[in-house]
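# Sequence and computational prediction follow.
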Amino acid sequence: MPDSLIEELPKIVAQGKKEAQKILDGLSKAQRITLQTNELVLPTKAKGGYFGQTVKNPDKKEWFNRMIYGDNLLTMQALLAGDPSSELPSMRGKIDLIYIDPPFDSKADYRTKIHLPNTDIEQRPAVIEQFAYADTWKNGTSSYLQMIVPRLMIMRELLSEQGSIYVHIDWHVGHYVKVIMDEIFGKENFINEIIWKRRGGALNNFNSFGAVTDTLFLYSKSADYYFKALKTKDSEEAKQYISERFIYDDGDGRLYSRDPVTNPSSKPSPSLIYEYKGYSPPEKGWSFSKETMEKWDKEGRLYFPSDKSQRIRRKTFLDEYDGQPIQNLWTDIYVINSQAKEFLGYITQKPEALIDRLINTSCPENGIVADFFSGSGTTGAVAEKLGRRWIMAELGKPACMIMRKRLIDQNAKSFLYQTIGDYQKEQFEQSAFKTFGDLANVVVNLYGALPFPHQDGVPNNLGYVKQSKTLVLVDSPSKMTGYATLKKAQELRASFMGGWDKVVVLGWNFVTDIGRQIDSLNDERLEVLVIPPDLLDRLKTKASYEQLIKSGKIRFSSLQYLTVKPIKKTEIDKEDDELIVELDNYVLLSPDALPLDKENKDKLEKVIAQDPLGLIEYWSVDPDYDGEVFRSKWQEYRENNEDLKIKRKAKLIVPKVKGKRKVCVKTVDVFGFESAAVREIQ
C-alpha cells in the first residue's frame, strides 16, 4: 500500500531541499548553466503595412527586461549564477516580487487553436511541454509537489530582503503548498492567504458547492518586506460603505458623509481641547488643531448640527474619497472572458487588474518583478506599464510568441529574448548516457540505422543503413550544427569505407542561417534532420530507451528554414539608406513531427502546398547583424493587419555603414518555430 501524502510530504520536502542545494553548490562551477541571448527586441511595430520607420539603437548600459524560453528550474539556476562574460550579473537577492501561477489541474486541456488562411487547426502542447507536464502529474499530487519544492527554494534565494512572493493556486493542491511554504519561507514570514472570487458561479454542481475562488499565498523573505496598503471603491464592502455613508447633499450635487472628529487617542491632549463656534469639545478633545478646524471651516468641509449639544462632523466628499482599505477577500476583479479587450486566446490568462494590485502593493518603484510560469505574459506587460523592471520565463513556445507580440504591441522598452545556453548539453549530463559515443549509438538505433562496431579509425558518432547505402552522422548536443559539420558529412560520404550514396546529418541545435548554408551546398545526397527536442528528457533511464526502440514513435523531422529575396538598397541622402527586405519562401519541418492529429495535419499540408509563407506568425529584421546577437529593430505580425496576414515586404530607413552590411531576418511560425536568413549588401 503506497504512503499517504501526509507520510510522503516530509520525504518530498527533504528531496526537494537536496535538489535545490545541489543546484546552489554548482553555481560556482566553470560549466554552470548560462542564458543565451537569442534576440534583443527594440519594439518598432510595422505601421500601416508598408512601413518606412527609422530603426532605433539600444543603450548598452541600460537594464534590459528579460523574456526567457525554457525550463524554469534551469532558468532560475542561470539567473542565480549570472554570466559576467555577457555583463549579466547574478540575480541572487535582487528580485523584489515574484508572482507564480503554476498549473494546478492535472486534467486541464491546453490545446490551442491556430488560425491559418481559410482554415483553423488545433494543436496539442509541443512535445517538450507535454513531457514536462506529464512529468509534473505522473503520480498525481505527489509529483506536483516534487516539482514545486526545489523551485520555491530557488525562488527564495532570488528574492531581495524586502522581497515577497505570491503563489497563485486552487483547491487541488493549495493546502499542501501552504504547509511547504511554511517550511521554506518560515511560518513567521507568512503574510496573507488571499481569496480571489474569480467568477459568479459554476455549472453542473449537483453534488457539491461550486468552486468560484482561487487562493494566493503571500510570503516575505524577511521581516523588512515592502508593502504598500491600497484602497478600492470597487469591492462589495466599499460599495456597501458608499451606499450607506455618502447620503448627504448640500444642494450642489456633491454627495458626502459626516465623519467623527473626536480624538481617537486614549489620552486627552490639552492642545486639542478647545471650544469652536459655541460647540463644546469632546472629553478627549478634537482630532485636529484649531488651525486645521478653521481651515476646513473656511473650505466648507465641516458640518455644524443645529443642536449645539451634538458634535461637529467633517464632510468627506464622495468625489474625493479613495475607497476602503483592501482586505484579503477580493471580489472586485473579474476573470477575463473571451470578449474582453485584453483577452489573447490564452486559456489560463489572468486579468491585468489582478497583477496590477500585486505589483502596486508589493514592489517598490523601479523594483524587479519575476514570473517563472509566465503564460501569456500578463506580469511583464503590467510591470512594464507600472514602470517596474521584469523577468519572465516560460516553457511553451506559443506562449513566448504571445508575450513577444503583446510587449511589442504596447511599445515596451527594449527587452532580451533568451534561452537556456547549452540546454541539450545540460539534459545530456542528466541522462543515463555518460559518453557522447553511447548517446550517438542510441540516436543511430532510434533513427533505424546500425552503429559501426567500435574500432580504431571509426568515429563514434556514425551509423549506416545498409540497404540504401546511407551514412548517418549524429552531431553532438554540445554543438551548433553548421557549415563545418555539413562539409565533414560530405567528405565522409565520399571517402569513408569506400563511399556512400547518401549522408544524413542528425542535429540537436543549428546555426542561425543553416537554411542558407544547406542551399549553398545544393547537394541532393545530403539530408539534414532535427533530433526531437524532448529526446534527452525521455532517455533518463536505459529502460526508457528500450521502450522507445519498441514503440518506434521517435520521428526525426526535416529542418524548417527561411529564404529571403535579394535586398534592395537605395541612397536617401548622405546619412541614410533605404532597405527593401522581402520574404521569399518558408520550408516547414515535417508535419509528422508536430503535435497534430490526422485531420489537422491534412489541413496543414494544404496550406503548405498553397502558401507556405501563410504559416509565418511574426517576422523581424536586424539591419546590422553582428553574427552573434540578433537585434530585432523592426517587427511585423499577423494581428497587425485586418486580414490577419503578414505583409511580406519591409522598408527600413537605416544609417549608412562602411563596407558590407549584413542583414538578418528572423521568422516565427504559427507553431513557435524560429528560422533566420542572413543576406549581405555591398
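Sure, I can see it. Residues are numbered from 1 along each chain as shown.
# residue contacts, Phe373?
Asn72, Ile100, Asp101, Pro102, Pro103, Ala393, Glu394 (Cβ atoms under 8 Å, 6 or more residues apart in numbering). C-betas here are computed from N, CA, C, even on glycine.
# go again using 6 Å as the cut-off
Neighbouring residues of Phe373 by Cβ atoms under 6 Å, 6 or more residues apart in numbering: Ile100, Asp101, Pro102.
# Save those as a markdown table, and put in neighbour count and pLDDT too.
Output for the contacts of Phe373, formatted as a markdown table (neighbours: other Cβ atoms under 10 Å; pLDDT from 0 to 100):
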| residue | neighbour count | pLDDT |
| --- | --- | --- |
| Ile100 | 21 | 97 |
| Asp101 | 23 | 93 |
| Pro102 | 18 | 88 |
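# and which of those is nearest to Gln339?
Comparing the contacts of Phe373 against Gln339 with Cβ to Cβ picks out Asp101 as the nearest, at 22.1 Å.
# Show me the beta-bridge partners of the nearest residue to the closest one once chain neighbours are set aside.
Sequence neighbours aside, His168 is the residue nearest to Asp101 in space, at 4.1 Å (criterion: Cβ to Cβ, 6 or more residues apart in numbering). Here His168 sits in beta bridges with Leu216, going by DSSP bridges.
# Any idea how many residues pack against His168?
Neighbour count of His168, defined by other Cβ atoms under 10 Å: 22.
# Ramachandran coordinates for Gly457?
With angles defined as degrees, to the nearest 10, Gly457 sits at phi 90, psi -10.
# one step back: show me the contacts of Phe373 that map onto helices.
Taking DSSP state H, every one of the contacts of Phe373 sits outside helices.
# Break the protein into its domains for me.
Domains of the chain are assigned by automatic domain parsing as 5-30+65-226+332-413, 247-320, 432-535, 561-681.
# how distant is the first one from the center of its chain?
Counting by Cα atoms, centre = their mean, to the nearest Å, domain 5-30+65-226+332-413 is centred 9 Å from the centre of its parent chain.
# Could you work out the end-to-end span of that domain for me?
Start-to-end span of domain 5-30+65-226+332-413 (Cα to Cα, to the nearest Å) is 46 Å.
# Residue numbering should commence at 29 henceforth.
Understood, numbering begins at 29; the last thing we discussed is domain 33-58+93-254+360-441.
# Any idea which helix or strand in this protein has the lowest mean pLDDT?
None of the helices or strands of the chain scores lower by mean pLDDT, DSSP states H and E than strand 81-82, at a mean of 46.
# Give the next helix or strand downstream of that strand.
For strand 81-82, the following helix or strand on the C-terminal side (DSSP states H and E) is strand 93-97.
# could I have that next one exported to PDB, CA atoms only?
The C-alpha coordinates for strand 93-97 follow below in PDB (Å, rounded to 0.1, in the frame of the first residue of the first chain):
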ATOM      1  CA  ASN A  93      14.000  43.300 -19.100                       C
ATOM      2  CA  ARG A  94      14.200  39.600 -19.900                       C
ATOM      3  CA  MET A  95      11.800  37.100 -21.500                       C
ATOM      4  CA  ILE A  96      13.300  33.500 -21.200                       C
ATOM      5  CA  TYR A  97      12.200  30.400 -23.000                       C
END
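# Check which helices and strands that strand is in contact with.
Packing contacts for strand 93-97, counted by 3 or more Cβ pairs under 6 Å, 6 or more residues apart in numbering; DSSP states H and E, involve strand 417-422, strand 443-448.
# hmm, who's touching it?
With contact meaning Cβ under 6 Å, 6+ apart, strand 93-97 is reached by 103, 417-421, 428, 431, 443-447.
# Looking at those residues, spot the one nearest Ile375.
Ranked by distance to Ile375 (Cβ to Cβ), the contacts of strand 93-97 are led by Met431 at 14.9 Å.
# picking that back up, any idea which of the helices and strands packed on strand 93-97 scores lowest on pLDDT?
If the helices and strands packed on strand 93-97 are sorted by mean pLDDT, strand 443-448 sits at the bottom with a mean of 89.
# what residues does that strand touch?
Residues from elsewhere that reach strand 443-448 (Cβ under 6 Å, 6+ apart): 63-69, 92-98, 102.
# quick one on the thing from earlier: of all the helices and strands packed on strand 93-97, which one is nearest Phe480?
strand 443-448 (32.3 Å).
# returning to what we had before: turn the helices and strands packed on strand 93-97 into TSV, including mean neighbour count and distance to Gly655.
As requested, those are arranged in TSV below (neighbours: other Cβ atoms under 10 Å; distance: least, Cβ to Cβ, whole Å):
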stretch	mean neighbour count	distance to Gly655
strand 417-422	26	27
strand 443-448	22	17
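# Of the contacts of strand 443-448 - the most surrounded one?
Within the contacts of strand 443-448, neighbour counts (other Cβ under 10 Å) peak at Ile96, which reaches 28 neighbours.
# Surely Val558 touches Ser585?
Yes. Applying Cβ atoms under 6 Å as the test, Val558 and Ser585 come out as touching, 4.9 Å apart.
# show me where the stretch 479-628 of the chain has strands.
For the stretch 479-628 of the chain, the strands defined by DSSP state E, counting those that start in this stretch cover 490-493, 498-502, 508-509, 530-535, 537-538, 554-558, 585-586, 589-592, 596-599, 604-615.
# most tightly surrounded among those strands?
Stretch with highest mean neighbour count among those: strand 498-502 (a mean of 24; mean count of other Cβ atoms under 10 Å).
# Between strand 554-558 and it, find me the angle.
Note on geometry: by axes from the mean of the first three to the mean of the last three Cα atoms, to 10 degrees, strand 498-502 and strand 554-558 are set 40 degrees apart in direction.
# what's in contact with strand 498-502?
468, 471-472, 477, 489-492, 517, 521, 528, 530-534.
# make it 7 Å
468, 471-472, 475, 477, 489-493, 517, 520-521, 524, 528-534 (Cβ atoms under 7 Å, 6 or more residues apart in numbering).
# Repeat that for stretch 118-126.
Stretch 118-126 is contacted from outside by 107-110, 183, 185-188, 190-193, 254, 387, 390-392, 395-398, using Cβ under 7 Å, 6+ apart.
# quick one: contacts for the closest residue to Asn439 other than its chain neighbours?
Among residues not flanking Asn439 along the chain, Pro71 sits closest, at 5.4 Å (Cβ to Cβ, 6+ apart). Counting by Cβ under 7 Å, 6+ apart, Pro71 makes contact with Leu435, Ile436, Asn439, Ala440, Gln663.
# let's see 6 Å
By Cβ under 6 Å, 6+ apart, the contact list for Pro71 reads Ile436, Asn439, Ala440.
# Assumed it was part of a helix.
No. With DSSP: H, G, I helix; E, B strand; the rest coil as the criterion, Pro71 is located in coil rather than a helix.
# For it, report the pLDDT, please.
Looking at Pro71, its pLDDT is 87.
# So the closest residue to Lys602 other than its chain neighbours versus Ile644, what's the distance?
Nearest residue to Lys602, sequence neighbours excluded (Cβ to Cβ, 6+ apart): Lys684, at 7.7 Å. Lys684 is 30 Å from Ile644, where distance means Cβ to Cβ, to the nearest Å.
# Looking at the two, which is more packed in?
For Lys684 versus Ile644, neighbours defined as other Cβ under 10 Å are more numerous around Ile644 (23 against 13).
# Kindly list the main-chain dihedrals of the closest residue to Glu211 other than its chain neighbours?
Sequence neighbours aside, Val41 is the residue nearest to Glu211 in space, at 5.7 Å (criterion: Cβ to Cβ, 6+ apart). Phi and psi for Val41, reported as degrees, to the nearest 10, are phi -70, psi -40.
# Ok, Ala427 next?
Here is the backbone geometry of Ala427 (degrees, to the nearest 10): phi -60, psi -40.
# any idea how far it is from Gly408?
Going from Ala427 to Gly408 by Cβ to Cβ gives 12 Å.
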